[in-house]
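> any chance you can model this:
(one chain, ligands or ions: 1)
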Amino acid sequence: VPTSPHGPRGHQQRASRDTGSHPPASRVDQARARATNLALVARTVFAADPPPTRADVAAATSMTRSTVSRLVDDLVDGAVVAELEPVAKVGPGRPGTPLVPHAGAFAALGLQVNVGYLAVVVVDLAGGIRTRRLVTDDLRGSGPAVVLERLATEAAAAVADLPPGLEIVGAGLALPGIVTTATGMLLRAPNLGWSDVDVPSLFDTARIGVPVSVGNEADLASRTVSLVSPGHPGALRDFIYVSGETGIGGAVVIDGLPLPGRHGWAGEIGHVTVDPSGPACSCGSTGCLEQYAGKRALLTAAGLDADASTTALAERVRSGDDRATRAVDRAAWALGWAVGGAINIVDVPVVVLGGHLREIASLLRPRLEATLRERVISAGWVPPTIETAGADPTPGAVGAAYRELERVIADPARWIDARPGTSG
Ligand SMILES: [Zn+2]
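Residues are numbered from 1 along each chain as shown. The predicted structure is shown next:
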């Protein structure tokens, strides 16, 4: 049984059909109808689990078997969809050919600048990570021009190493601050010490051959939770993502997508005040969540070196070290106050911990859970739950690549018709 195509709730797109009883549509209308139907079929195949057959796609989209077959042929020829070996089905009828995302033709670059590293990944349309380049460095107080030049060099090297036939459709850049995606401006990344950075003027896109679109790190990383692979929804669709790095980023995810807010700056849970008389924050405020639960702040409060690992922190807590236990407790409280406030406002009672918060989730959980139950007004009816993100070390970069690949699934006609040797 195919899953229904992923899309806005309650919105089922109908296929347009040429029944022959109406005057022929203009060529433009026909091309538009074909593009819409290709997108519908692609979305259905990418979202389905297990892989659907043509008959499954026809049933899910209310299109005729012959229309679906023609569209699937185009997607297979265009290397957006691939066919598996036919499998015999239960009951009468011919064996069906399961359809899956094609992994060998389209890919995207995911780039990330973090306070502690630069990352470049190449992700194919099926979600496979083809390349990952990770350069660890302390980038606090670094110069944007130099860092973006280094990133472009890494990205160009990744592109040069690609297997033949794999086309890069776009590049996404995850940044740890507030950004304006439309202009590519990074307004402020407090922990890098960057402000008003015009990314397009500093990142030489000629070196990778595709434009770069910027995004907030946590917003992009949240896609690795809401999606199993490009176009394939995961089990969690509504949650508050808390990204633990040097700072704390966040995203409120509704129906799989991060809530942008008026300017695209929503979700900055790291700069929610949990104690107005607390320590000064790099954002200019005081007592922000990240001053308690950010990695450096937490490790320092625990009496460890700011660059120590969370494993070292966990060992101290398990050995009964007072200072480390108090620091973790305080981080869990601070998280509970900030996230609890957010749940009261947006009614999304699932929190997903990423980054270093994921690594110490079992230490945070008891106090965080208790604080959420105490602070969230609806907790008696729907107790907030705590989940952990996957272990990918650069989820912002992977999520940025997913966002680029989603454009292929949303409009496959644009990509397959431009492929050499493919006629429209
Ligand atoms: Zn702050």
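> what's the one helix or strand residue 109 maps to packed up against?
Element membership for residue 109, per DSSP states H and E: strand 106-113. Packing contacts for strand 106-113, counted by 3 or more CB pairs under 8 Å, 6 or more residues apart in numbering; DSSP states H and E, involve strand 117-124, helix 144-160, strand 167-175, helix 395-410. Where you see a C-beta, it was placed from the backbone N, CA and C, and this is true even at glycine.
> kindly recompute the last result at 10 Å.
If contacts are counted by 3 or more CB pairs under 10 Å, 6 or more residues apart in numbering; DSSP states H and E, strand 106-113 sits against strand 117-124, strand 129-136, helix 144-160, strand 167-175, strand 212-216, helix 217-221, helix 395-410, helix 412-416.
> could the ones you listed go into CSV alongside mean pLDDT, distance to residue 247 and mean neighbour count?
Listed next are these as CSV, based on pLDDT from 0 to 100; distance: least, CB to CB, whole Å; neighbours: other CB atoms under 10 Å:
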stretch, mean pLDDT, distance to residue 247, mean neighbour count
strand 117-124, 98, 14, 24
strand 129-136, 96, 17, 15
helix 144-160, 97, 16, 18
strand 167-175, 97, 12, 24
strand 212-216, 97, 12, 24
helix 217-221, 97, 9, 30
helix 395-410, 98, 12, 26
helix 412-416, 94, 36, 21
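> in CSV: those, plus distance to residue 86.
Below are these laid out as CSV (distance: least, CB to CB, whole Å):
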stretch, distance to residue 86
strand 117-124, 24
strand 129-136, 28
helix 144-160, 36
strand 167-175, 28
strand 212-216, 39
helix 217-221, 38
helix 395-410, 24
helix 412-416, 23
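> which of these sits closest to residue 81?
Nearest to residue 81, of all those, is helix 412-416, at 8.4 Å by CB to CB.
> now do the strand holding residue 109 and strand 117-124, the angle between them.
Here strand 106-113 runs at 170 degrees with respect to strand 117-124, directions being taken by axes from the mean of the first three to the mean of the last three CA atoms, to 10 degrees.
> mind listing the strands strand 106-113 pairs with, and their directions?
strand 117-124 (antiparallel), strand 167-175 (parallel) (DSSP bridges).
> of those, which is nearest residue 319?
If we rank these by CB to CB, the stretch that ends up nearest is strand 117-124, at 29.4 Å.
> give me the angle between the closest one and helix 395-410.
Going by the same axes, to 10 degrees, strand 117-124 makes 30 degrees with helix 395-410.
> and the angle for strand 117-124 with strand 129-136?
180 degrees.
> check which helix or strand residue 42 maps to.
helix 27-47.
> list the buried ones in that helix?
34-47 (16 or more other CB atoms under 10 Å).
> now pLDDT too, for those, in CSV please.
Listed next are those as CSV, based on pLDDT from 0 to 100:
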residue, pLDDT
34, 95
35, 96
36, 97
37, 97
38, 98
39, 98
40, 98
41, 98
42, 98
43, 98
44, 98
45, 98
46, 98
47, 98
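> give me the subset of those residues touching the ion.
When CB under 5 Å from the ion is applied, no member of the buried residues of helix 27-47 is adjacent to the ion.
> name all residues that make contact with the residue nearest to the spatial centre of the chain.
In the chain, the centroid-proximal residue (CA atoms, centre = their mean) is residue 223; its distance is 2.2 Å. Neighbour list for residue 223: 172, 215, 230, 234, 241, 251, 253, 256-258, 395-396, 398-403, 406 [criterion: CB atoms under 10 Å, 6 or more residues apart in numbering].
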